[in-house]
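Student: Sequence first, predicted coordinates after that:
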Amino acid sequence: MISSELTANEQGHLLIGKVDATELAQTYGTPLVVYDVGQIRQQIHAFQQSFAQTGLHYQISYASKAFATVAMYQVIAAEGLHADVVSGGELYTALHAGFPADHLSFHGNNKTRAELEMAVENHVGVIILDNFHEVDLLKRILQERSATTKVMLRLTPGISAHTHRYTQTGQVDSKFGFDVDSGQATRALQEVLAIPQMQLIGIHAHIGSQIFGVAGFDLLVKKLVSIAADWQEQFNVTLPILNLGGGFGITYTQEDTAIAPAEFIQHIAATLKTATTERHLPLPEIWIEPGRAIVGPAGYNLYTVGSRKDIPNLASYLSVDGGMGDNIRPALYQAKYEAVVANKLNAPQQETVHLAGKYCESGDILVDQLALPRTEPGDLIAMLDTGAYGYSMASNYNRNPRPAVVFVEQGQAKLVVRRETYADLIRLDEPYQ
Ligand SMILES: *Cc1c(COP(=O)(O)O)cnc(C)c1O
């Protein structure tokens, strides 16, 4: 939700899911992470309706690393989505939330033996195989238990999305997946076909994150269809599912031009139909794995204004009570965000400041150039579109407790993650003497 789309009440206070942001700050304290659950549902419905219009068989799997808590898995399950997990911890959280295990996809470039055992024992829906070590390890685990599992092969298709280097994943030089061009992928296929405990249900690729163009997905669909057709001819293997990964971009600032789910899905469907017709393949089921697009726009980080430093004729630093511990993306990726004064939403902008966090790093700047009305200590800052990879990457740097998380929907607020306490911070510490 960028600043031009926000709504205020008569006092000029920002409303989130029809709840006054200043009341949330008073009730739960700051820094505070707030999700507008109605907006999460809307975004999910937009993907579902877009697919429904294409007539394709499809599955949407929420990439839960974007924001993974018990309450979030419950919302995802209630909306009928699948979910991706990438660690034993995410798997544990999903299972604890009552998420159906057979709707989970397990990803990762270095799943441990313990994690794979946990996945097999809990009958996770599909394990996405990433490398030869994992094929071997999983094979032994399945043989020891006389168990079976569904698998997909993660491929690196040699397509790179135009995005930050750290969020590119589909190019040949990547730590993820089996390389296609060098023949690794075909070798992996042959290995998996020779393991009766593994049922290969499809191939997967994820080309990057915060993608704004349809071109990358067009190329990906063509590439995966061509691989599926080649394998059908050479090995007589049918792949029922093509999994296109996630990466659908969102609008953080006016510089971003996000594409609506409908446009992505229509392109994907059209390209798929042409490509499969050319190669005489039946239409496969299409899976996608959006993370950011589902939770990003629905998230708000609320901070209280504290100190300020004015350097004459140079710059002003306005500091808030959170920072890189609850949102590391600006420091990690130079990520840009919009922010507003939530208790003065309609006040005219009067100055430009560096919005600084409270952490002991010069790089802890949340927004580099932020136009704001004049502020005073105690004012409430709302940083917008913070729902993806913010809380999920939060840390206790400087021994700051991680913030609370609140879900709001239709005028109601519900605490879904308690604020950490100082006692929580030393919970795992043991004395030395
Ligand atoms: C991170 C990731 C996603 C989600 O990416 P978004 O940019 O959040 O949509 C999907 N699939 C895989 C395999 C990922 O690693």
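Tutor: Great, that's in hand.

Student: close to the ligand, is stretch 27-47?
Tutor: No - using CB under 6 Å from any ligand atom, stretch 27-47 never reaches the ligand; the gap is at least 11.2 Å. Using the backbone N, CA and C atoms, a C-beta is placed for each residue, glycine as well.

Student: got the residue ranges for the helices in the protein?
Tutor: Remark: helices assigned in the chain by DSSP state H are 21-28, 37-54, 70-78, 88-96, 113-121, 132-145, 184-193, 215-235, 261-278, 292-295, 329-333, 422-425.

Student: now the fifth one: mean pLDDT?
Tutor: Average pLDDT, helix 113-121: 98.

Student: relative orientation of that helix and helix 132-145 in degrees?
Tutor: Interaxial angle of helix 113-121 relative to helix 132-145 (axes from the mean of the first three to the mean of the last three CA atoms, to 10 degrees): 50 degrees.

Student: go on, the third one?
Tutor: Between helix 70-78 and helix 132-145, the angle comes out at 80 degrees (the same axes, to 10 degrees).

Student: Show me what helix 70-78 is packed against.
Tutor: Helix 70-78 is packed against helix 37-54, strand 82-85, helix 88-96, strand 404-409, strand 412-417, with contacts defined by 3 or more CB pairs under 8 Å, 6 or more residues apart in numbering; DSSP states H and E.

Student: The same query, at a cut-off of 10 Å, please.
Tutor: Judged by 3 or more CB pairs under 10 Å, 6 or more residues apart in numbering; DSSP states H and E, helix 70-78 is in contact with strand 32-36, helix 37-54, strand 58-63, strand 82-85, helix 88-96, helix 292-295, strand 404-409, strand 412-417.

Student: For the longest strand along the chain, which strands pair with it and how are they oriented?
Tutor: In the chain, assigned by DSSP state E, the strand with the most residues is strand 299-311. In the sheet, strand 299-311 lines up against strand 32-36 (antiparallel), strand 315-320 (antiparallel), strand 380-384 (antiparallel) (DSSP bridges).

Student: Give the buried residues for the second one.
Tutor: Spelled out, it's strand 315-320. 316, 318-320 (16 or more other CB atoms under 10 Å).

Student: now swap in stretch 111-126 and tell me
Tutor: 111, 115-120, 124-126.

Student: doesn't Ile159 make contact with Leu247?
Tutor: Quick fix: residue 247 is Gly, not Leu. No - using CB atoms under 10 Å as the test, Gly247 is too far from Ile159 to be in contact (11.1 Å).

Student: Could I get the contacting residues of the nearest residue to Thr112 once chain neighbours are set aside?
Tutor: With CB to CB, 6 or more residues apart in numbering as the criterion, Thr112 has its nearest non-adjacent residue at 7.5 Å, and that residue is Gly88. Going by CB atoms under 10 Å, 6 or more residues apart in numbering, Gly88 touches 106, 108, 111-112, 114-119.

Student: Could you show which parts of the stretch 251-400 of the chain are in contact with the ligand?
Tutor: 289-293, 388.

Student: still on that earlier bit, would you reformat the strands paired with strand 299-311 as TSV and include mean pLDDT?
Tutor: Listed next are the strands paired with strand 299-311 as TSV, based on pLDDT from 0 to 100:
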stretch	mean pLDDT
strand 32-36	98
strand 315-320	97
strand 380-384	98
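
Student: Can I get those in TSV including distance to His57?
Tutor: Below are the strands paired with strand 299-311 laid out as TSV (distance: least, CB to CB, whole Å):
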stretch	distance to His57
strand 32-36	30
strand 315-320	47
strand 380-384	36
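
Student: can I see the domain layout of the chain?
Tutor: The record's domain split for the chain, according to automatic domain parsing, is 3-36+296-420, 38-292.
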